[in-house]
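> my questions are about this predicted structure, shown below with the sequence.
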Amino acid sequence: MQEQEVFPSILDVLPLHFAVEFALEANGQKRISFERFLQQRTSIQGDTFVQDCLDYLSQKILAETASTQQEFNAIKPDEPAPLSSKELGIFLKVMSNSVTSPHQLEQIIQLQNQFLLLYPDFSTMVDGLQTPVSEEEANAYYERLYTGRLSVDEMINLLKGLKKSEGTREHQLFECMIDVLFDEYPFFSKYPEKELAITSTLFGQLIQQDVMHDTQIDRALLYILEALRYPANIKMTDFGVQALTQFEYRLSEWPQFCLNVLQLPGFVDSQPRLANIIKASQKVKQRQSKVTSHISIACIKLPSLSKTTMLEMDGYVKLSNPDQATQDHISSIINYLAVGNIGSKIEELKKLLSSMHYQWFSKYLVNKYIPSKQDLHALYAAVLESIDSKLLDTFVLHETFSSILTSLNSSNISFGPIDQTILNNLGSWLGRITLAKNKPILDKHMAFKVSFVFYVLKI
């Protein structure tokens, strides 16, 4: 048996720690390729091996840190030599191309930063790791998805992690993966049934969970509409229907899309359940745009926006909307807002958001994000607390009352899943910015309280 065949056989039966040390030694003697060893084991063992390797590197860092804190750094004869910068580079390169979860991605970034502190010359290797994002890298993730090594939920979480990361390369990989998915659209009709079902679920969940940017969502909606346009193409129709089903309770956010879908030949007859949901979503949107009903907004006192409260600095605040470029920048900040970057994003927002734009920002935040993103309410509240403006708080409270009342303002309210989600989220947000901060809903807003109790009793 040749030496090249013996080493893999030996490595396969060794525990990870010994296998890695053995492979590094053999690599130094040019008997095997350490990079190829890692790639082969990753291909066979998948996530388990990747996580074991990341844990191994974490232990290495602890050992090296302890060593550098001693008065001498000599390596004892019975201890394995520390990893060189080149070996670290190979290790992290292979692991970077094999991660399947945001947790692993974050762990790799932390390892890179820790190694940079220990080994200054590792910076050149990190630069080498930052290879340009390629379609092959994006395709590797989709291959794992279609072979069952990655579930749709795991893929969604991975993309969320890439989008929320502060790393430029991670953002580039996110954009590339979305582009690859869109570029495959013309070939969906040739996909096998299983792969097409996975793709349609992923497509719809990207919209449902708001993973993509607004322009990407618009593009995805166009593809779904196009797929539904030709009922003779059964595969594409199935794709469109299954994708649409994934975000059916968010349809009220895209009224023109809903109108276009209902106007497609044969859709109402062939998809009666979806058609009814779309029609219901249109009614919700219409209710939200009305300002009169059996519960009159005019009879309910909203938080006052008096001239006194509009003194943000030394003078009267003249309200206006920011220019389009600033609006887009602020939108990007809110879209990328996450626990890990909230500090930097708030500082970025403060530089853009003038007091004269508070009313616009309040409408934007309350109408676009609060009704559908309850899981991010704590982050939005943290933004308001950091800005610490009574004027902004007053505008936000005013818009929250107004949005709730507009939703309630219809005798045709159905109290279905869409109504419940919107009103529950708005109610939760109202509690967060009032009762949770020891700010009661005042007696002068009693009509509002009665209206909201009426809603709760109807559910």
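Everything's here; your move.
> okay, CA-based contacts and neighbour counts for the rest of this
Fine.
> next one, pLDDT for the residue nearest in space to the middle of the chain please.
The geometric centre of the chain, computed from its C-alpha atoms, lies nearest to Lys160 (CA atoms, centre = their mean), at 3.3 Å. Lys160 is assigned 88 on the pLDDT scale.
> do the one 4 residues further on as well
Note on Lys164: pLDDT of 80.
> number of nearby residues for it?
For Lys164, the neighbour count with other CA atoms under 10 Å is 21.
> for the stretch 101-250 of the chain, what are the low-confidence residue spans?
For the stretch 101-250 of the chain, the stretches flagged by pLDDT under 70 are 101-102, 106, 113, 116-132, 166-167.
> please redo it, this time with the cut-off set to 50
Across the stretch 101-250 of the chain, residues meeting the criterion (pLDDT under 50) sit at 127.
> so which residues of it form helices?
Using DSSP state H, counting those that start in this stretch, the helices found in the stretch 101-250 of the chain span residues 102-118, 122-129, 135-146, 152-164, 168-183, 193-208, 214-228, 234-246.
> span of stretch 328-343 from start to end?
20 Å (CA to CA, to the nearest Å).
> and that stretch, what's its mean pLDDT?
Looking at stretch 328-343 alone, the average pLDDT works out to 84.
> give me the buried positions along it.
Within stretch 328-343, the residues that qualify as buried are 330-331, 333-338, 342, counting by 16 or more other CA atoms under 10 Å.
> circling back: and of the helices of the stretch 101-250 of the chain, who's closest to Gly89?
Go through the helices of the stretch 101-250 of the chain one by one with CA to CA and the one that ends up closest to Gly89 is helix 122-129, at 5.5 Å.
> compute the first-to-last residue distance for stretch 370-382.
The first and last residues of stretch 370-382 sit 14 Å apart, counting by CA to CA.
> mind listing what's buried in that stretch?
By neighbour count, with 16+ other CA under 10 Å as the criterion, the buried positions of stretch 370-382 are 370-374, 377, 379-380.
> with distance to Leu16 as extra columns, can I get the helices of the stretch 101-250 of the chain in JSON lines?
Conversion of the helices of the stretch 101-250 of the chain to JSON lines gives the following (distance: least, CA to CA, whole Å):
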{"stretch": "helix 102-118", "distance to Leu16": "18"}
{"stretch": "helix 122-129", "distance to Leu16": "23"}
{"stretch": "helix 135-146", "distance to Leu16": "23"}
{"stretch": "helix 152-164", "distance to Leu16": "25"}
{"stretch": "helix 168-183", "distance to Leu16": "28"}
{"stretch": "helix 193-208", "distance to Leu16": "34"}
{"stretch": "helix 214-228", "distance to Leu16": "42"}
{"stretch": "helix 234-246", "distance to Leu16": "41"}
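> quick one on the thing from earlier: which among the buried residues of stretch 328-343 gets closest to Thr42?
In terms of CA to CA, no member of the buried residues of stretch 328-343 lies closer to Thr42 than Ala338, at 30.3 Å.
> contact partners for that closest one?
Under the criterion of CA atoms under 8 Å, 6 or more residues apart in numbering, the contact partners of Ala338 comprise 164, 379.
> quick one: it from Asp375, how far?
Remark: distance between Ala338 and Asp375 (CA to CA) = 11 Å.
> for Ser96, find the nearest of the helices of the stretch 101-250 of the chain.
With CA to CA as the measure, helix 102-118 is the member of these nearest Ser96 (7.0 Å).
> what about the closest residue to the residue nearest to the centre of the chain other than its chain neighbours, neighbour count?
Once its chain neighbours are removed from consideration, Lys160 has its nearest residue in Val211; the separation is 6.0 Å (CA to CA, 6 or more residues apart in numbering). Here the number of neighbours of Val211 (other CA under 10 Å) works out to 20.
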